[in-house]
Structure formats: structure tokens, C-alpha cells
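Q: model this:
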Amino acid sequence: MKTILTCILSASILTGYSQHVESLQEGTKSSLRGLSVVSDDVIWCSGSNGMVGKSVDGGLSFRWIQVKGYEKRDFRDVEAFDSSTAIIMAVAEPAIILKTSDGGLSWRKVFEDTTTGMFLDAMDFDGKNGVVVGDPIQNKVFLAGTSDFGDTWQVVKKKSNCTSMLQGEAFFASSGSNIIMKKLKQTNNKFVYVSGGIVSRLFIGDICLPLPLQSGKNSTGANAIDISPSGKTGIIVGGDFSNDKLSDSSSVLISFENGVQLSFSQTPLNGYKSSVSFVSENDVVACGTSGIDFSTDHGLNWKKISTVGFHVVKKSKKGKDVFFAGANGKLGKLNMK
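A: Reported below is the predicted structural model:
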């Protein structure tokens with residue numbers, strides 16, 4: 001494994017903003033799409049070939065675990081609570097969620113669904129409460145929730161027109177970022193999620209709004225959503241992963257101040273993005289195979305800061321640091337100086 005400590009990717013830095021990306025590690029045989037940053041020190045990631053990574057020193061070093069019995073599974077998302085406790089999600093039939101309480105030494109199954117066509121896409125937590133979203137089963141969105149840190153799960157059965165999916169509509173498991181567990185005062189809802197594919201929509205309780213993103217293909221639409229710390233604004237990113245340099249209609253801004261209002265960025269993202277994260281109330285970072293973009297005005301205008309591609313970006317829950325994960329075990333850190 002090749003390890004590079006705090007080596008600035010100078011070749012990928014573009015002028016204009018002071019932010020840049022530091023490479024932490026790469027070379028592990030896993031495509032990393034799951035990332036959970038507990039604090040500035042504790043980072044968990046997950047991906048293909050049954051791999052899970054953990055750092056307790058802010059990304060200077062990672063311990064790699066191939067989960068026994070699940071060596072061929074793809075863990076597309078991870079949610080960590082501390083350096084000892086984490087949950088990982090294996091996407092396809094059977095859909096499985098595992099939990100560790102001893103830092104990854106052992107794992108126990110807390111959820112399994114063998115339904116034909118089952119495919120989990122992403123999960124998110126707010127304290128002990130969590131939710132997981134999956135591709136439609138019998139034309140209905142699949143949702144399951146937990147209120148005990150993922151020890152037990154119950155299928156969420158909502159009576160709403162917004163539970164029925166449209167033709168060609170599903171969810172992308174590109175970064176574990178298409179659902180966010182956050183109670184919004186303006187909507188009184190506990191979680192928000194976005195769909196993609198031929199049709200792309202924003203789901204907030206009984207509200208489901210069409211998104212003015214790239215559409216019409218199985219590779220188009222929304223991939224990720226994040227909401228600002230205040231809950232006043234949000235960002236949805238996506239595009240067309242089969243044409244990742246196409247910038248047109250790859251992000252949508254959300255305002256929750258007077259209901260739910262959607263608008264476009266003035267200066268668009270530089271191509272397809274699979275993940276987005278608020279760094280502060282105004283600063284936002286987005287990543288994808290097309291590189292990394294940064295905004296200082298809550299997504300209104302974007303500037304490319306790196307051409308290096310990553311699948312997922314997450315900010316520390318209890319700190320200020322921001323980390324990336326991507327193909328070939330690649331990990332990075334945002335340097336704001």
C-alpha cells in the first residue's frame with residue numbers, strides 16, 4: 001500500500017480559492033463510497049471487497065478490515081458513532097446491515113432483507129435515530145428506520161402519494177448521501193431524500209418536487225443532498241455520471257425559509273458530482289469523478305479547486321475537518337489554509 005502523508009496535490013490545485021486537497025492514502029483494493037467522520041480524529045470508510053477502514057489520528061494512518069464472511073460484498077455506506085461503534089450497509093440481495101461495538105474486530109447482523117430486487121442505497125443518523133432508503137419494491141420507495149443506534153430496524157410504511165415511484169425513477173448508491181436525517185422546522189419532517197434516473201425528485205414528507213436536473217437517462221439526476229447547519233438552505237448535486245464533464249443542470253439550491261423553493265446556481269458545478277457537504281453556513285464542497293468544487297456563498301457560485309476525483313465528502317460531526325474517499329482506496333483531506 002502506498003501511503004502519502006499530508007502531501008499536497010499541487011498538480012490539481014487551481015487558482016482563485018485558498019482551499020486545496022491533501023492526499024492521505026491510496027492503493028487499497030476497494031472502491032470507497034461510504035464515509036463517516038465522527039470527529040477530527042475518528043474517521044470510518046467502507047467499500048467494495050468487504051473492506052472497512054478506520055483512522056483514530058485524523059487520517060494520518062488507517063487500519064483496514066476485510067469483514068469475515070462478507071469478502072465479496074460492497075459496503076456502500078457506513079455510519080460511525082465513535083472509535084468502537086459503527087454500522088455498515090451492503091447494498092444488493094440480500095440487503096444487509098452489520099454493526100460492530102469493538103472497533104471492527106467482530107460484526108453482527110442487525111438487518112437483512114432477501115426480497116427480490118432489494119437494493120439499499122444510503123443511510124443517515126441523527127443521534128440514536130436513523131433511516132435507510134432503498135430502490136423501489138413493487139413501485140414503492142423502500143424505507144426502514146431505527147431508534148436505538150441501529151440495533152433494530154422497522155420498515156417505514158407511509159401513506160402518501162410520494163411513496164409511489166415514477167417510471168425510470170430510483171436512487172443512486174454513489175456516496176451514501178441521497179438521504180439526510182434532519183428535522184426541519186419549516187416542514188416538520190425528520191428526513192429528506194432525493195431520487196435520480198430518468199426522473200429526479202426531492203422528497204420531504206408528503207411533498208415530492210420535480211428537480212430541474214439533467215434527466216432522461218438511467219445515469220442522470222440527483223446523487224446527493226446536504227442541508228446547512230441552520231436548516232435554512234440546502235444543496236442537491238448530481239448530473240450525468242456517464243458524461244461527467246457536462247456542467248449543465250448539475251446542482252439545485254433549496255431554500256426552506258418560505259416553504260420549499262428551488263433555484264439554480266449562477267455559476268454551475270464543473271461537471272457531475274456524487275456528494276456534497278456544508279463546511280459552514282456559507283461554505284460548501286462537492287466532489288465527483290470530475291473533481292472537487294468549492295463555494296463560499298452556499299452553492300450560488302462554484303469554483304473548481306481540484307481535478308482529482310472522489311466519490312464522497314463528509315465534514316466532521318464534532319469538529320471542523322473535511323475528508324474525501326474514492327476509488328482504489330483513495331482518501332483525502334480538505335485544507336482550508
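Q: could you pull up phi and psi at Phe278?
A: phi -70, psi 130 (degrees, to the nearest 10).
Q: quick one: it and Pro229 touch, right?
A: Yes. Phe278 is in contact with Pro229 according to Cβ atoms under 8 Å; the separation is 6.5 Å. Where you see a C-beta, it was placed from the backbone N, CA and C, and this is true even at glycine.
Q: who has more neighbours, these two?
A: For Phe278 versus Pro229, neighbours defined as other Cβ atoms under 10 Å are more numerous around Phe278 (22 against 12).
Q: give me the pLDDT for the more buried one.
A: Per-residue pLDDT puts Phe278 at 98.
Q: distance of it relative to Ile137?
A: 32 Å (Cβ to Cβ, to the nearest Å).
Q: any idea how far stretch 303-323 is from the chain center?
A: 11 Å (Cα atoms, centre = their mean, to the nearest Å).
Q: show me what counts as buried in it.
A: 303-306, 308-316, 321-323 (16 or more other Cβ atoms under 10 Å).
Q: narrow these to those in helices?
A: Using DSSP state H, no member of the buried residues of stretch 303-323 falls in helices.
Q: which one of these is nearest Phe62?
A: Taking Cβ to Cβ as the measure, Phe62 lies nearest Phe323 of the buried residues of stretch 303-323, at 11.1 Å.
Q: quick check, the closest one in contact with Lys314.
A: Yes. If you go by Cβ under 8 Å, Phe323 and Lys314 touch, sitting 6.1 Å apart.
Q: which neighbours do those two have in common?
A: Common contacts of Phe323 and Lys314 (Cβ atoms under 8 Å, 6 or more residues apart in numbering): 35, 37.
Q: list the contacts for the residue nearest to Ser280 when sequence neighbours are not counted?
A: Leaving aside its chain neighbours, Ser280 sits nearest to Pro229 (7.3 Å; criterion: Cβ to Cβ, 6 or more residues apart in numbering). Each residue near Pro229 by Cβ under 8 Å, 6+ apart is listed here: 278, 280-281.
Q: low pLDDT regions in this protein?
A: Along the chain, the parts satisfying pLDDT under 70 run over 1-17, 186.
Q: would you point out which residue is most central in it?
A: In the chain, the centroid-proximal residue (Cα atoms, centre = their mean) is Ser177; its distance is 2.4 Å.
Q: against Gln19, how distant is that residue?
A: Counting by Cβ to Cβ, the gap from Ser177 to Gln19 is 20 Å.
Q: try Leu262
A: 27 Å.
Q: the two: which is more packed in?
A: Neighbours per residue (other Cβ under 10 Å) separate Leu262 from Gln19, with Gln19 holding more: 20 against 15.
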